[in-house]
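K.L.:
Here is my input, please return the structure:
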Amino acid sequence: MSGWLRDTDKDRPSGDRPPAESEGADPVARVTGPGAEWLASAGASPRSVLARWESRPTEPAVLPCGSVFDVVSAPAVFGRHMLDRLREEGPGCGPVAAHRGRMLIFAAPGSADRLPALLRWEEWGGAVPPLLCHGTGDAVTVPPPEEADRSGACSRWLVAPEARHPWLPGPEVLLWACVRAARDAAAPEVALSIFHRADQGAKVYDVSRRR
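P.N.:
From the prediction side, this is the model:
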């Protein structure tokens, strides 16, 4: 039996709040038995998903969204900013995966429908890069419980599911993270613009004095 299947939920954080383990970076994020059960529960046949992972724990799976979780897919850099804000200034995060240059943020069911509408009404919504929101009727590739070759993996966990009922951010929390990430990305450009205007003003002043 694979090692992750021997884990239990004992002493795992409650599902009504973010797990403490998710608040710090974990370079070797690892799915536990309860976490795998949670993921598998999204499929039509959870037992089949678990049996497949037990025999082939390094293979990803395709699971439907909408009932157990939604997924918000963001460009890798922007997604990293969102994750940093959630951990450092927000309530924490749920499971997060990297897949083919994008970051998959697992969210509460219903978030995929609500988040785009919230962004349309938000002043900073236009500064947020295109997000792919996967909800009911969609499916996503979920990283395997174990990594065979981390260096070449196109799909891997950044924050692995550890509890049978992990905490998941809702649309309002994700909106907050998007806005903070957009502001952070814009801050250097704003500072450069201010510096440029001040520099141009100084040059004009110097020229006027020489006249």
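K.L.:
So in this structure, where's the weakest helix or strand by average pLDDT?
P.N.:
Every helix and strand of the chain was ranked by mean pLDDT, DSSP states H and E. The lowest is helix 171-210, at a mean of 61.
K.L.:
wouldn't V49 be in contact with W38 here?
P.N.:
No: the criterion here is C-beta atoms under 8 Å, and V49 misses it with W38 at 11.0 Å. (Glycine included, C-beta is placed from N, CA and C.)
K.L.:
who has more neighbours, those two?
P.N.:
The neighbour comparison of V49 against W38 (other C-beta atoms under 10 Å) goes to W38, with 24 against 21.
K.L.:
Tell me if I am right that that one is in a helix.
P.N.:
Yes: per DSSP: H, G, I helix; E, B strand; the rest coil, W38 lies within a helix segment.
K.L.:
Now for it: which residues touch it?
P.N.:
When contacts are counted by C-beta atoms under 8 Å, 6 or more residues apart in numbering, W38 touches 68, 161, 163-166.
K.L.:
Out of these, list just those in strands.
P.N.:
Among the contacts of W38, no member is found in strands (DSSP state E).
K.L.:
Rebuild the residues you listed as JSON lines, extending it with pLDDT.
P.N.:
Shown next, in JSON lines, are the contacts of W38 (pLDDT from 0 to 100):
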{"residue": "V68", "pLDDT": "98"}
{"residue": "P161", "pLDDT": "96"}
{"residue": "A163", "pLDDT": "94"}
{"residue": "R164", "pLDDT": "95"}
{"residue": "H165", "pLDDT": "94"}
{"residue": "P166", "pLDDT": "96"}
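K.L.:
Need the distance between the two termini of stretch 54-69.
P.N.:
22 Å (C-alpha to C-alpha, to the nearest Å).
K.L.:
Revised request: answer the last question for stretch 156-167.
P.N.:
Stretch 156-167: ends 20 Å apart by C-alpha to C-alpha.
K.L.:
ok now that stretch, how far from the chain's centre?
P.N.:
11 Å (C-alpha atoms, centre = their mean, to the nearest Å).
K.L.:
coming back round to it: closest to C93 among the contacts of W38?
P.N.:
Lowest distance from C93 to the contacts of W38 (C-beta to C-beta) belongs to P166, with 9.7 Å.
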